[in-house]
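Got a predicted structure plus its sequence, pasted below:
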Amino acid sequence: AQKITQTQPGMFVQEKEAVTLDCTYDTSDPSYGLFWYKQPSSGEMIFLIYQGSYDQQNATEGRYSLNFQKARKSANLVISASQLGDSAMYFCATDGGGGNKLTFGTGTQLKVEL
Amino acid sequence: SAVISQKPSRDICQRGTSLTIQCQVDSQVTMMFWYRQQPGQSLTLIATANQGSEATYESGFVIDKFPISRPNLTFSTLTVSNMSPEDSSIYLCSVDVYGGSVTEAFFGQGTRLTVV
């Protein structure tokens, strides 16, 4: 079974600053993927970034990067140059082996302030 | 990538009635997933829908309450039966798409259900 832990229920960041959203995971599968999603108040789930367990380099996607520390079982999301439109709920998830159902964390509510 | 159209986007229903949610994908996919997100909560998987076979339900979810159809590789429906206010949630369908070494799991826009 897989488990995702997000310990920050809420975060505040100033516009244009960088912010790190924490995520730790627990899985017994040797091969797994880690995902981050953004959920604005509209409710849709927007895919942000993916990291495979065997990927040697940290994933990056525009202003999003994933700080993957396998030994610590952490997959923190870093958002650089925060924008007001980044205010949303952010979920970390794992598929525990690829091509499978996702297990989600409880989410972090990010608020970007002027 | 995949484009997923989910409808209705929202509905208000009377308790005791049923609602069927549709999910259409613009490409053929093997598995489709249905999730529930209760107010202020994270997403929980209801079931996995494979074409040509019965859906696989997660613990706590049963077919009588959440029947699922998967008639082809691009379409699925989830029915919420005999609704009660506790069923008020966002329901989302999802598919996996593999593009080279990158996996992306896409979601529909969600159906925001309120049961009164």
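The structure has been received and is ready for your questions.

and residue A:10, what does it touch?
Each residue near residue A:10 by Cβ atoms under 8 Å, 6 or more residues apart in numbering or on different chains is listed here: A:108-111. Using the backbone N, CA and C atoms, a C-beta is placed for each residue, glycine as well.

and the residues you listed near chain B, which?
Among the contacts of residue A:10, not one lies near chain B by Cβ under 8 Å from any Cβ of the partner chain.

out of those residues, which are buried?
A:108, A:110 (16 or more other Cβ atoms under 10 Å in any protein chain shown).

nearest to chain B, of the contacts of residue A:10?
residue A:109 (9.9 Å; Cβ to the nearest Cβ).

Give the closest residue to that closest one in space, chain neighbours not counted.
residue A:10 (4.6 Å; Cβ to Cβ, 6 or more residues apart in numbering or on different chains).

How much space separates the one you found from chain B?
The spacing between residue A:10 and chain B, counted by Cβ to the nearest Cβ, to the nearest Å, is 12 Å.

Make CSV out of the contacts of residue A:10 and add pLDDT.
Supplementary listing: the contacts of residue A:10 in CSV, determined by pLDDT from 0 to 100:
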residue, pLDDT
A:108, 98
A:109, 97
A:110, 98
A:111, 98
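
Mind picking the two most distant members of the contacts of residue A:10?
The span of these, defined through Cβ to Cβ, is set by A:108 and A:111 at 10.3 Å.

shared neighbours of these two, anything?
Both residue A:108 and residue A:111 are in contact with A:10-11, where contact means Cβ under 8 Å, 6+ apart.

got a list of what residue 16 touches?
Went with chain A since none was named. In this structure, residue A:16 makes contact with A:81-82, judged by Cβ under 8 Å, 6+ apart.

wrong chain, I was asking about chain B
B:82-84.

Nothing else from me, thank you.
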